[in-house]
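**Q** Quick one: sequence and predicted model below, then my questions.
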Amino acid sequence: MASELPIPDEQLFYADASNNPQKLTITPFIDYVHYPTLGCPALLGPDQQLEVLMSLPDGIDPTGIGFKLVDRHGQQGAAFGLNGEGAPELIKDSHDGIRKLFRFRLRMDAAPFALFDLCAAIGSIEETQYNAVRRYQSITGSEKVIFCGDSQYHVDNHICLEKFIKRVNSLDVAWISIIGDICDNGVKSPKNLIKLAAGVSKGPVTHYYENEYRLSHELLRNLRHPVLVVPGNHDGMSAYNKYGAGKPTDVFTGPDALNTTEYDGLHHFCRTFGPLYFGFNWAKTRYLCNNTFELTRTQRLGYHAIVANWGGWMCIDQLQWVKREFETHKGQHKVMLMHHDPRGGSEGLNLGHYHRIRPYEFDRKWPILKAYLSYALRHGRTSWQQEWMAPADGGMEQHPVKDLLQTMLEYHVWAVIMGHDNENWVDSYFDGGDLFKTEPSTIRYTQRGEVGDSQLVDDIIDHLESANYEALTKLLDAKDEKTARTALSAALGDLEREASPAEVLFAENAAEKWDLNIKSAIHFIHVDDIGSYSYSEESDFNDYGFVLAQLKNGAPVEVQSHHISGKVGQARKLEED
């Protein structure tokens, strides 16, 4: 190949329909144009060409494709035609031989410095990739950018995403990254989780993804900055036909010979936003945008959003790609964007706790529901929250994530920026330290005395122990949201204190024996969510926000929390030693 491709070789045909088989309808924002897209845009300096990757059915003449850029935000629809630099280049045939991938090199001379939609005309069909191209007058590496996570968009919390878009459109930033959990898959609230559990049957599946992906895309195209999007666990949940557990399979995405797939959120991600992982350059820094929900489809199964496994995982192909990227870009700073924390913990607490991958069991909802409710209702960091998964059995000595962490340290990664935990903080390590020398954290549930209704707590416990979720739903629906949350938290706390050790759901902390010694400064940065559950009052928006980062040579050197309400936190510098 003449030059490095904008997306990895194994992701080239990610959006082809043959790779996206499921019963639930997908609204395909991505069909022919595989790069650039809304979630994987082209970020171009003044002297750079635009490269476009297109997957074309056999028989379509690539020389007949027409391209234009549309300045929808600035010049109210002004269009600029693009001329090719040489003939289209055939890159690869798809695995089924139905499509061919071509690279087009297009001159940008006539286009102003702005954010554009890319339009491709394939015969009578025109495909538009919104906000897919940003041409900059200069890239100095000293720009400001935004990191955030977890919009968890659903139809009832659209106001959160709308407020975020309005807020960041007023800021002077080069680009935005949303680090996983774009969609919600029907969680909505702790009370709604119980409703979902009450309604679970082996009949038809209730669908959320088709609307959530489509509507979140329609909102995000209103951003006036390019946005980079990576998947999170809420984006990749799946279900087999009629919610049966199906037959175990090692399929991650794509056709499944053993089972009929009702839906797979990662299919929707690929047809909506772009590849599951990719890299890009910004000044002297190489950014890797990773997929850390790379569990098999069997392991991603669940009751709507009530899944057995929601922590991180990365397969060998992606890990090898990470190593190749680091080796290829040795002379550059390195920053990784990923939804989950590969340390198996966060905020310097509970590091090395890797939860065993659990089987999907249709008739055992309580362990799953309990873990979800506990996460939503906890006070302080928790020891059971699934940050990253461990193999279902066997020792921890050869856990695949050990290789990932060693690779990060060996190649001197400057920062790992993550979502998932819905709070802002930074864990910084310096030369000579060890990654897993930490203290355990504590968890505090609401106490009975804080509820003011001990009988309500007892009734909740009775319903939970008898798995009578329909009765629990009716009980909680009769209460306001605050009372329901505090009473649920108190009930879970009582149950937790009575639980036997066998109910502990996380693996032993064996990772301290890995001897992962720090070779240079590395910063693990968690960023806030921009939307989730509570949004009934204006003050609720103080809980949602993003990180505004100051760059130097393209890498973040200072981070500051901002809330979508307008509240601004204190800036923190990322030191080198």
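**A** In hand now; what should we look at? Numbering: from 1, shown residues only.
**Q** What strand or helix carries the residue lying farthest from the centre of the chain?
**A** In terms of distance from the mean C-alpha position of the chain, Gln455 ranks first, at 40.2 Å (CA atoms, centre = their mean). Secondary-structure element containing Gln455, defined by DSSP states H and E: helix 454-465.
**Q** need the next SSE after that helix, C-terminal direction.
**A** Following the chain from helix 454-465 toward its C-terminal end, the next helix or strand by DSSP H and E is helix 469-477.
**Q** buried stuff in that next one?
**A** Buried residues in helix 469-477, counted by 16 or more other CB atoms under 10 Å: 469, 472-473, 475-476. (Each C-beta comes from the backbone N, C-alpha and C, glycine too.)
**Q** Closest to Ile176 out of these?
**A** Ile176 has its nearest neighbour among these in Leu476, at 36.5 Å by CB to CB.
**Q** How about the secondary structure of the closest residue to that closest one other than its chain neighbours?
**A** Leaving aside its chain neighbours, Leu476 sits nearest to Ala484 (4.4 Å; criterion: CB to CB, 6 or more residues apart in numbering). With DSSP: H, G, I helix; E, B strand; the rest coil as the basis, the three-state label of Ala484 is helix.
**Q** Correct me if wrong: Ala484 contacts Pro190.
**A** Yes. Judged on CB atoms under 8 Å, Ala484 makes contact with Pro190 at a distance of 7.3 Å.
**Q** What are the boundaries of the strands in the stretch 301-450 of the chain?
**A** Taking DSSP state E, counting those that start in this stretch, the strands of the stretch 301-450 of the chain run over residues 302-303, 306-307, 333-337, 355-356, 389-390, 415-418, 425-429.
**Q** for the stretch 451-577 of the chain, same thing?
**A** Under DSSP E, counting those that start in this stretch, the stretch 451-577 of the chain gives strands at 522-526, 545-552, 555-563, 568-573.
**Q** Take the buried residues of helix 469-477 and write them to a markdown table, including distance to Lys100 and pLDDT.
**A** Written out in a markdown table, the entries for these read as follows (distance: CB to CB, whole Å; pLDDT from 0 to 100):
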| residue | distance to Lys100 | pLDDT |
| --- | --- | --- |
| Tyr469 | 51 | 84 |
| Leu472 | 55 | 90 |
| Thr473 | 52 | 88 |
| Leu475 | 59 | 92 |
| Leu476 | 55 | 88 |
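**Q** Lowest-scoring secondary structure element of the protein by mean pLDDT?
**A** For the chain, the helix or strand with the lowest mean confidence is helix 366-377, at a mean of 72 (criterion: mean pLDDT, DSSP states H and E).
**Q** For it, enumerate the helices and strands it packs against.
**A** Using 3 or more CB pairs under 8 Å, 6 or more residues apart in numbering; DSSP states H and E as the contact test, the elements touching helix 366-377 are helix 190-198, strand 306-307, helix 481-498.
**Q** Export only the CA atoms of the longest one, formatted as CSV.
**A** Looking back up the chat, that one is helix 481-498. What follows is helix 481-498, C-alpha atoms only, in CSV (Å, rounded to 0.1, in the frame of the first residue of the first chain):
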residue,chain,number,x,y,z
GLU,A,481,-38.1,9.3,42.8
LYS,A,482,-36.0,10.4,45.8
THR,A,483,-37.9,8.2,48.3
ALA,A,484,-37.7,5.2,45.9
ARG,A,485,-33.9,5.6,45.4
THR,A,486,-33.1,6.0,49.1
ALA,A,487,-35.3,3.1,50.2
LEU,A,488,-33.8,0.8,47.5
SER,A,489,-30.3,1.8,48.6
ALA,A,490,-31.1,1.0,52.2
ALA,A,491,-32.6,-2.4,51.3
LEU,A,492,-29.6,-3.3,49.2
GLY,A,493,-27.3,-2.3,52.1
ASP,A,494,-29.2,-4.7,54.4
LEU,A,495,-29.0,-7.5,51.9
GLU,A,496,-25.3,-6.8,51.3
ARG,A,497,-24.5,-7.1,55.0
GLU,A,498,-26.4,-10.4,55.2
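**Q** avg pLDDT for that helix?
**A** Taken as a whole, helix 481-498 has an average pLDDT of 83.
**Q** how about it: buried residues?
**A** Using 16+ other CB under 10 Å as the burial criterion, the residues of helix 481-498 that qualify are 484-495.
**Q** tell me the contacts of the closest residue to Thr63 other than its chain neighbours?
**A** Spatially, and ignoring its direct neighbours in sequence, Thr63 is nearest to Pro88 (6.4 Å; CB to CB, 6+ apart). By CB atoms under 8 Å, 6 or more residues apart in numbering, the contact set of Pro88 is 62-63, 65, 102-104.
**Q** Please indicate which of those are buried?
**A** 62, 65, 102-104.
**Q** Take the residues you listed and keep only those in strands.
**A** Judged by DSSP state E, the buried ones among the contacts of Pro88 include 102-104 as members of strands.
**Q** Please render these as JSON lines that adds pLDDT to the earlier fields.
**A** Conversion of those to JSON lines gives the following (pLDDT from 0 to 100):
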{"residue": "Phe102", "pLDDT": "97"}
{"residue": "Arg103", "pLDDT": "97"}
{"residue": "Phe104", "pLDDT": "97"}
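**Q** which one of those residues is nearest Pro556?
**A** Looking across those and measuring by CB to CB, the closest to Pro556 is Arg103, at 31.1 Å.
**Q** rewinding a little: which one of the helices and strands packed on helix 366-377 lies nearest to Lys552?
**A** Minimum separation from Lys552 across the helices and strands packed on helix 366-377 (CB to CB) falls at strand 306-307, 39.6 Å.
**Q** can you pull out the helices in the protein?
**A** Taking DSSP state H as the test, the helices found in the chain are 158-169, 190-198, 209-220, 265-272, 316-328, 366-377, 400-410, 448-451, 454-465, 469-477, 481-498.
**Q** Comparing these, which comes out most buried?
**A** Using mean count of other CB atoms under 10 Å, the stretch among the helices of the chain with the greatest mean number of neighbours is helix 265-272 (a mean of 26).
**Q** Export that one to CSV, keeping only CA atoms.
**A** What follows is helix 265-272, C-alpha atoms only, in CSV (Å, rounded to 0.1, in the frame of the first residue of the first chain):
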residue,chain,number,x,y,z
GLY,A,265,-25.6,-2.9,19.5
LEU,A,266,-22.2,-3.0,17.9
HIS,A,267,-23.8,-3.5,14.5
HIS,A,268,-25.8,-0.4,15.1
PHE,A,269,-22.7,1.5,16.1
CYS,A,270,-20.9,0.5,12.9
ARG,A,271,-23.8,1.5,10.7
THR,A,272,-24.3,4.8,12.6
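**Q** How about residues contacting it?
**A** Contacts made with helix 265-272 from outside it, assessed by CB under 8 Å, 6+ apart, are listed as 14-15, 19-22, 26-31, 38-39, 182-183, 185, 209-210, 213-214, 216-217, 231, 234-238, 252-253, 276, 291, 293, 300.
**Q** Who are the packing partners of the longest strand along the chain?
**A** Taking residue count as the measure and DSSP E as the definition, the longest strand of the chain comes out as strand 125-135. Secondary structure elements in contact with strand 125-135, counted by 3+ CB pairs under 8 Å, 6+ apart, are strand 33-35, strand 42-44, strand 115-122.
**Q** before we move on, back to that, in PyMOL, select just the buried ones from the contacts of helix 265-272.
**A** Here the buried members of the contacts of helix 265-272 are turned into a PyMOL selection, burial being counted by 16+ other CB under 10 Å:
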select buried, resi 14+15+19+20+22+26+29+30+31+38+39+182+183+185+209+213+216+217+231+234+235+236+237+238+252+253+276+291+293+300
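**Q** Let's see which of the contacts of helix 265-272 end up in strands.
**A** When strands are assigned by DSSP E, the members of those inside them are Ser238.
**Q** on that earlier part again, is it possible to get JSON lines of the helices and strands packed on helix 366-377 that adds distance to Ile178?
**A** Output for those, formatted as JSON lines (distance: least, CB to CB, whole Å):
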{"stretch": "helix 190-198", "distance to Ile178": "23"}
{"stretch": "strand 306-307", "distance to Ile178": "21"}
{"stretch": "helix 481-498", "distance to Ile178": "27"}
